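K.L.:
pasted the sequence and its predicted model underneath.
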Amino acid sequence: MTTASHGLHAKFENAYLIDGARTPFVDYRGALSMISPIDLGIKSARAAIAKAGVPPEDVGTTIAGSMAQASYDAYVTPRHIGLYAGAPVERPAHLVQRICGTGIEVLSQAADAVSLGRVELALGVGTESMSRNPIAAYTHRNGFAMGQVEFKDFLWEALLDPAARCSMGDTAENLARDYGISREEVDRYASRSFERAVAAQERGILREEIVPVENEAFEREGLEPRGIKLGRGVETVDADSHIRPSPLEVLSKLRPAFGGVQTGGNSSAIVDGAAGALVGSKAYCDRNGIKPLARMICSAAVGVPPHIMGIGPAPAIRAVLDASGLSLGEIDRIEINEAYGAQVLACVRELGLDEDKLNVNGGAIALGHPLGATGVRLTLTLAYELRRTGLRYGIASACIGGGQGIALLIENMEA
């Protein structure tokens, strides 16, 4: 990793995205709401390993990302994901956190470990249960005065940035004002995101990424069994649940959520889900006859002012372009996480993006945004799209609460 005036970037000389899989992304308090993010992560990890066709014993390290402590054993999230996915006991695991950019950070660190020769094969997993975010109290261990019992909704409070004195939604409103973005433009963009996601779902494109989730036990010799229990009479979840036709005339009737252009219909959906992927070296792929999805070229993480955190993808994308020597015109597909419609449109205007290349199968407004998992999903979606279309270069990117941006550049080697 190196630092530069435009942030922290890493160039990968020998790292390949072999394959991956994700669970369906399911609406808040829906069919996945009672499942620990660790178990969602184990499910996606096992599916990724099976899909990649690699022995789990070859995993040299497990890197996992998750934001909220959504289970009592959250401290051991990466370790348990690795162990129950079949990684050898002596192989380590660690957790990373870069909020909405966590999944991209997971894959960047996996590529870094492979590129530097630390391991030949890395397992990267992003997982999140938004539904199981706790109702929390941080000061009660020392006692409390009568009438001063304080519990707060962790998920709601986490959307506030005290440094910027505003919520994440307010940062999108700030960008809407700065870039002159209207409510109609944001609703139109959101409607198109839904339309593209509906089309991708109907054509079976999203099915390439998804592993169905069923009631299942995860067992390993010497460890206590754990697993997934869907409940509520649900036996299988095999598709993203938030995708639906959402015409402009419907979206335009929704109330503003933050007093401006953003509504519940043109902001990212709150969902639960996980995604996993394998990153390996060229020597490992060649030795095992593996045809990887994509070559991982470089990544970058940058800082931006907290009150306009949503602009983060713009300088992050510029940073990976600078590091790679490519121009924006040479990038065939771009995935920017749709935290908020106005936020994506601000990035479009700042970079002068061709929207025909952007989020061509829909984005988080339609699919949802499980914080720790989103970046892995973006990258898998991008890699599959490049392979399907025969195009060469793609960038996955996300804005990050607190004022950051992250981007990852990949290449379809068969283009």
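P.N.:
Structure's in. What do you need?
K.L.:
can you pull out the low-pLDDT segments for the stretch 151-300 of the chain?
P.N.:
Nowhere does the stretch 151-300 of the chain drop to pLDDT under 70.
K.L.:
so where do the strands sit in it?
P.N.:
Using DSSP state E, counting those that start in this stretch, the strands found in the stretch 151-300 of the chain span residues 152-153, 160-161, 166-167, 213-214, 216-218, 226-228, 236-237, 271-280, 294-303.
K.L.:
strand partners of the second one, parallel vs antiparallel please.
P.N.:
Each strand that pairs with strand 160-161, with its direction, by DSSP bridges: strand 166-167 (antiparallel).
K.L.:
contacts for the strand it pairs with?
P.N.:
Where contact means CB atoms under 8 Å, 6 or more residues apart in numbering, the residues beyond strand 166-167 that reach it are L159, L160, D161, N174, F258, H307. No exception for glycine: its C-beta is placed from N, CA and C like everyone else's.
K.L.:
distance of the first one relative to A396?
P.N.:
I take that to be L159. Going from L159 to A396 by CB to CB, to the nearest Å gives 23 Å.
K.L.:
more neighbours, these two?
P.N.:
A396 (32 against 13; other CB atoms under 10 Å).
K.L.:
between the helix or strand hosting the more buried one and strand 294-303, how big is the angle?
P.N.:
Using DSSP states H and E, the element containing A396 is strand 393-400. Using axes from the mean of the first three to the mean of the last three CA atoms, to 10 degrees, the inter-axis angle of strand 393-400 relative to strand 294-303 is 30 degrees.
K.L.:
what's strand 393-400 packed up against?
P.N.:
helix 102-115, helix 313-324, strand 333-336, helix 371-389, strand 404-411 (3 or more CB pairs under 8 Å, 6 or more residues apart in numbering; DSSP states H and E).
K.L.:
which among the strands of the stretch 151-300 of the chain is found nearest to R141?
P.N.:
strand 152-153 (15.5 Å; CB to CB).
K.L.:
mind checking pLDDT for E385?
P.N.:
pLDDT recorded at E385 is 98.
K.L.:
ok, now M1?
P.N.:
38.
K.L.:
flag the shaky bits of the stretch 301-415 of the chain, pLDDT-wise.
P.N.:
For the stretch 301-415 of the chain, no range has pLDDT under 70.
K.L.:
re the thing from before, what would the helices and strands packed on strand 393-400 look like in a markdown table with mean neighbour count and distance to A10?
P.N.:
A markdown table is the format used below for the helices and strands packed on strand 393-400 (neighbours: other CB atoms under 10 Å; distance: least, CB to CB, whole Å):
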| stretch | mean neighbour count | distance to A10 |
| --- | --- | --- |
| helix 102-115 | 28 | 5 |
| helix 313-324 | 24 | 8 |
| strand 333-336 | 28 | 19 |
| helix 371-389 | 27 | 15 |
| strand 404-411 | 28 | 10 |
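K.L.:
turn these into TSV, including distance to K11.
P.N.:
Listed next are those as TSV, based on distance: least, CB to CB, whole Å:
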stretch	distance to K11
helix 102-115	8
helix 313-324	6
strand 333-336	20
helix 371-389	17
strand 404-411	10
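K.L.:
can you pull the phi/psi pair for the residue nearest to A415 when sequence neighbours are not counted?
P.N.:
Leaving out its chain neighbours, the residue that sits closest to A415 by CB to CB, 6 or more residues apart in numbering is R392, at 3.5 Å. Here is the backbone geometry of R392 (degrees, to the nearest 10): phi -100, psi -60.
K.L.:
V279 against L107, yeah?
P.N.:
Yes: between V279 and L107 there is a contact under CB atoms under 8 Å: 6.5 Å.
K.L.:
touching both of those two, which residues are there?
P.N.:
Common neighbours of V279 and L107, counting by CB under 8 Å, 6+ apart, are L17, G124, M296.
K.L.:
so who does the second one touch?
P.N.:
This points to G124. So G124 contacts T62, I63, A64, V106, L107, Q109, A110, G276, A277, L278, V279, V376 (CB under 8 Å, 6+ apart).
K.L.:
element containing it?
P.N.:
strand 121-128.
K.L.:
okay, now the sheet partners of that strand, with direction.
P.N.:
Under the rule (DSSP bridges), strand 121-128 has strand 61-65 (parallel), strand 271-280 (antiparallel) as partners.
K.L.:
pick the most buried one from these.
P.N.:
Most buried of the strands paired with strand 121-128, by mean neighbour count (mean count of other CB atoms under 10 Å): strand 271-280, with a mean of 32.
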